[in-house]
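[1] Any chance you can model this:
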Amino acid sequence: MALGVNIVDRGAAGDLFFRVVDVTCDNSYPAGGWAITPAQLGFGANGVVYQVQTPGVKDGFFLEYDSSTAKLKVRDASGAANTLSPEITTVTLMNNKVIRLIAWGKGQG
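    Just a heads-up that it's a prediction; the model follows:
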């Protein structure tokens, strides 16, 4: 199963565009996170993604978008104090969970 991506809303602020996107997670979380393309986020094949805002914590997991790799990462929030929360390894933990993101970028799709 692949990530399900649904664009909920679109808009602009100055010369930047934003997309409100619901991502339905699958049961095949790869090490390093799920790859998400500008086209999936509604910016077209040649679009550019500048920032993706995540809800932070969802159901005990930290969510982050790594702009250097264009991947959505999930970390386990139950780690010890003063340690880096580990990336999840059990692929079923996020299966069918819906994450709402706000993506900022340029391009039309």
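
[2] Quick check: next helix or strand after the helix or strand of the chain with the lowest mean pLDDT?
    Ranked by mean pLDDT, DSSP states H and E, the weakest helix or strand in the chain is strand 57-58, scoring a mean of 70. Sequence-wise, the next helix or strand downstream of strand 57-58 (DSSP states H and E) is strand 61-66.

[3] Can you point out the buried residues in that following strand?
    F61, F62, L63, E64, Y65 (16 or more other Cβ atoms under 10 Å). Every residue, glycine included, has its C-beta placed from N, CA and C.

[4] for the second one, which residues make a bridge with it?
    So that's F62. The partner list for F62 in beta bridges (DSSP bridges) reads V57, R75.

[5] any idea how far it is from F43?
    Per Cβ to Cβ, to the nearest Å, F62 is found 25 Å from F43.

[6] Over to the first one?
    Counting by Cβ to Cβ, the gap between F61 and F43 amounts to 26 Å.

[7] Could I get the full set of strands for this protein?
    4-13, 16-24, 34-35, 48-53, 57-58, 61-66, 71-76, 98-106 (DSSP state E).

[8] Make TSV from those and add distance to E87 to it.
    TSV is the format used below for the strands of the chain (distance: least, Cβ to Cβ, whole Å):
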stretch	distance to E87
strand 4-13	21
strand 16-24	17
strand 34-35	12
strand 48-53	17
strand 57-58	15
strand 61-66	10
strand 71-76	5
strand 98-106	16
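
[9] how about those strands, which one is nearest S85?
    Among those, strand 71-76 comes nearest to S85, with 4.0 Å by Cβ to Cβ.

[10] For D76, give me its contacts.
    G60, F61, F62, S85, P86, E87, I88 (Cβ atoms under 8 Å, 6 or more residues apart in numbering).

[11] hmm, 6 Å instead?
    Residues touching D76, when contacts are defined by Cβ atoms under 6 Å, 6 or more residues apart in numbering, comprise S85, P86, I88.

[12] Buried ones from the residues you listed, can you make that a ChimeraX selection?
    A single ChimeraX command selects the buried members of the contacts of D76 (16+ other Cβ under 10 Å):
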select :88
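
[13] Of the contacts of D76, which is the nearest to S78?
    The shortest approach to S78 among the contacts of D76 belongs to S85, at 8.0 Å (Cβ to Cβ).
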